[in-house]
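Participant: kindly generate the corresponding structure for this input.
(3 chains)
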Amino acid sequence: MARLKPARLKVILGENNTEKLTLPNGIPESLDELHSKIKTVFGIEGNIRLQYMDRDFDNEFFNLNSTSELQDLGTIKVIQEQTNPPLNTANETTSSHLVSFDSDDNASLTSADTVIISSPESVSSRTQQWPEDFPVPKFSYDTELQLEKGNLEYHTSNKMLTVSSRVKSDILNRLAEQIYKYKAYPEDIHFCIVSEALIKKYPCLREPGSFNGCYGWKQRLKYKMGNYRTQLKLQGCPELSVNSLKSKAVTDAFPAKKVKRPKRAEANFYPSLPTGETLESLEKERLELLTEVRIRRNERVITGKMAHTFAYRRQEVVNQEPSIKDFKDRWPALFQQKEVIIKLKSIYVCFVYYMMCVVCFFFSFI
DNA sequence: AAGCGTTGCATGGCGGTTCA
DNA sequence: TGAACCGCCATGCAACGCTT
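Facilitator: Residues are numbered from 1 along each chain as shown, chains lettered A, B, ... in the order given. Purely as a prediction, here's the structure:
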């Protein structure tokens, strides 16, 4: 059912992307109806959330809980909730938990292979998955000048560039920063990829004595990433502080045990809390979820709150490794059919991707 | 033969130190 | 100051031997 008076709305779909929506039968009475109308008209897939511009509050946007808030010629903003984005996007859904069973009723959650959805709002340093072709970053101006000059000399007289410690330091710094965008704990193969990308772009940096021309760079990068992690840890980077022996020693008799780091395909292993949120505010939201979960036909609210508390939930799993029973008691919504289906979809995507990698690896030998 | 526990080796992370 | 290195410790895996 809709109000019969035709209405028009300004719909903000994104930055520099605004459309006009004409509703011949007026503004729908139900929010679901408005959602499906917007999704159909603008071809949006997946879950969306709407905000409306409130003129009483200096034209700020507020969450739309009822279409009665809307008026003809009003403005709404569409926020896409990326609960199941494609594999290579920034909000990849591959943070995970392994369910291990010590005994029948004492199963616990540790970091490994069940997929949990990331919150689109949480701020994670881990924003992208490892790229197909590693992009060598731009170095400082003077380093770039020296490398260009070195490349020129390499092409004319096959002469290698003698790298000063300043240039080496700049190269390692920029590469470490670039690597960290994708992985805090890169594996051996990643160092190989990066060093090969480096000497491909700057052949003057090749090492004639090494079997592949870049073994030394690979080793340097390993050291650099270790030192870089130490540096970030000292600055309080939560993803790395979680493995600090000193902080673990407070609660753990064997602090060197269980280094908490991402497993295969994990992107948001230890995301930061959403901007402006604290542990207390998210705990409050968790308590609200306990109420919301008892309300029938409340999936939209639950999905939104679950996405919003994603980082808080991840930190709880990584830090405390709660038993499944405790975790289920604290987060009953996570075990609802819809959330489980979302996770299974993500597991399926990861599995297919993994199998493709295996097949590619196999065929590379044929 | 299958299952299980033990052992040894390779690899990797952390904290601290050395050295240019 | 930062790259490079060291020692300690943990994990993962394959090989091996023992038991059933």
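Participant: low-confidence ranges in the stretch 151-300 of chain A?
Facilitator: For the stretch 151-300 of chain A, the stretches with pLDDT under 70 are A:245-268.
Participant: change it to 80
Facilitator: Applying pLDDT under 80 to the stretch 151-300 of chain A flags residues A:208-212, A:233-275.
Participant: could you pull out the helices for it?
Facilitator: Along the stretch 151-300 of chain A, counting by DSSP state H, counting those that start in this stretch, helices occupy A:165-182, A:188-201, A:215-234, A:238-241, A:245-249, A:279-292, A:299-308.
Participant: out of those helices, nearest to A:Phe42?
Facilitator: A:Phe42 lies closest to helix A:299-308 among those, at 18.3 Å (C-beta to C-beta). All C-beta spots, glycine's among them, are computed from the backbone N, C-alpha and C.
Participant: next, the angle helix A:279-292 makes with that closest one.
Facilitator: Put simply, helix A:299-308 runs at 160 degrees to helix A:279-292, going by axes from the mean of the first three to the mean of the last three C-alpha atoms, to 10 degrees.
Participant: which elements pack onto helix A:299-308?
Facilitator: Applying 3 or more C-beta pairs under 8 Å, 6 or more residues apart in numbering; DSSP states H and E, we find helix A:299-308 packed against strand A:47-54, strand A:75-81, helix A:279-292, helix A:337-363.
Participant: can I get the very next helix or strand once past that helix in CSV, CA atoms only?
Facilitator: Counting by DSSP states H and E, the next helix or strand C-terminal to helix A:299-308 is helix A:310-320. In CSV, the C-alpha atoms belonging to helix A:310-320 read as follows (Å, rounded to 0.1, in the frame of the first residue of the first chain):
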residue,chain,number,x,y,z
PHE,A,310,31.9,-7.1,13.5
ALA,A,311,35.2,-5.7,14.7
TYR,A,312,34.2,-6.0,18.4
ARG,A,313,33.2,-9.6,17.8
ARG,A,314,36.5,-10.4,16.0
GLN,A,315,38.6,-8.9,18.8
GLU,A,316,36.6,-10.9,21.3
VAL,A,317,37.3,-14.1,19.4
VAL,A,318,41.0,-13.4,18.9
ASN,A,319,41.7,-12.1,22.4
GLN,A,320,39.6,-14.4,24.5
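Participant: what is helix A:310-320 packed up against?
Facilitator: Judged by 3+ C-beta pairs under 8 Å, 6+ apart, helix A:310-320 is in contact with strand A:107-116, helix A:279-292, helix A:324-330.
Participant: nearest to A:Ile27, of the helices of the stretch 151-300 of chain A?
Facilitator: Taking C-beta to C-beta as the criterion, A:Ile27 comes closest to helix A:299-308 out of the helices of the stretch 151-300 of chain A, the separation being 18.1 Å.
Participant: could I get the helices of the stretch 151-300 of chain A as CSV with distance to DNA strand B and mean neighbour count?
Facilitator: Below are these laid out as CSV (distance: least, C-beta to the nearest atom of the strand, whole Å; neighbours: other C-beta atoms under 10 Å):
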stretch, distance to DNA strand B, mean neighbour count
helix A:165-182, 8, 17
helix A:188-201, 4, 18
helix A:215-234, 5, 16
helix A:238-241, 6, 20
helix A:245-249, 4, 13
helix A:279-292, 22, 14
helix A:299-308, 28, 19
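Participant: would you list the ones you listed in JSON lines and tack on distance to DNA strand C?
Facilitator: Shown next, in JSON lines, are the helices of the stretch 151-300 of chain A (distance: least, C-beta to the nearest atom of the strand, whole Å):
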{"stretch": "helix A:165-182", "distance to DNA strand C": "4"}
{"stretch": "helix A:188-201", "distance to DNA strand C": "12"}
{"stretch": "helix A:215-234", "distance to DNA strand C": "3"}
{"stretch": "helix A:238-241", "distance to DNA strand C": "15"}
{"stretch": "helix A:245-249", "distance to DNA strand C": "9"}
{"stretch": "helix A:279-292", "distance to DNA strand C": "27"}
{"stretch": "helix A:299-308", "distance to DNA strand C": "29"}
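Participant: can I get these in JSON lines with distance to A:Gly150?
Facilitator: Listed next are those as JSON lines, based on distance: least, C-beta to C-beta, whole Å:
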{"stretch": "helix A:165-182", "distance to A:Gly150": "9"}
{"stretch": "helix A:188-201", "distance to A:Gly150": "11"}
{"stretch": "helix A:215-234", "distance to A:Gly150": "14"}
{"stretch": "helix A:238-241", "distance to A:Gly150": "34"}
{"stretch": "helix A:245-249", "distance to A:Gly150": "41"}
{"stretch": "helix A:279-292", "distance to A:Gly150": "50"}
{"stretch": "helix A:299-308", "distance to A:Gly150": "48"}
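Participant: of all these, which lies closest to A:Gly43?
Facilitator: Minimum separation from A:Gly43 across the helices of the stretch 151-300 of chain A (C-beta to C-beta) falls at helix A:299-308, 20.2 Å.
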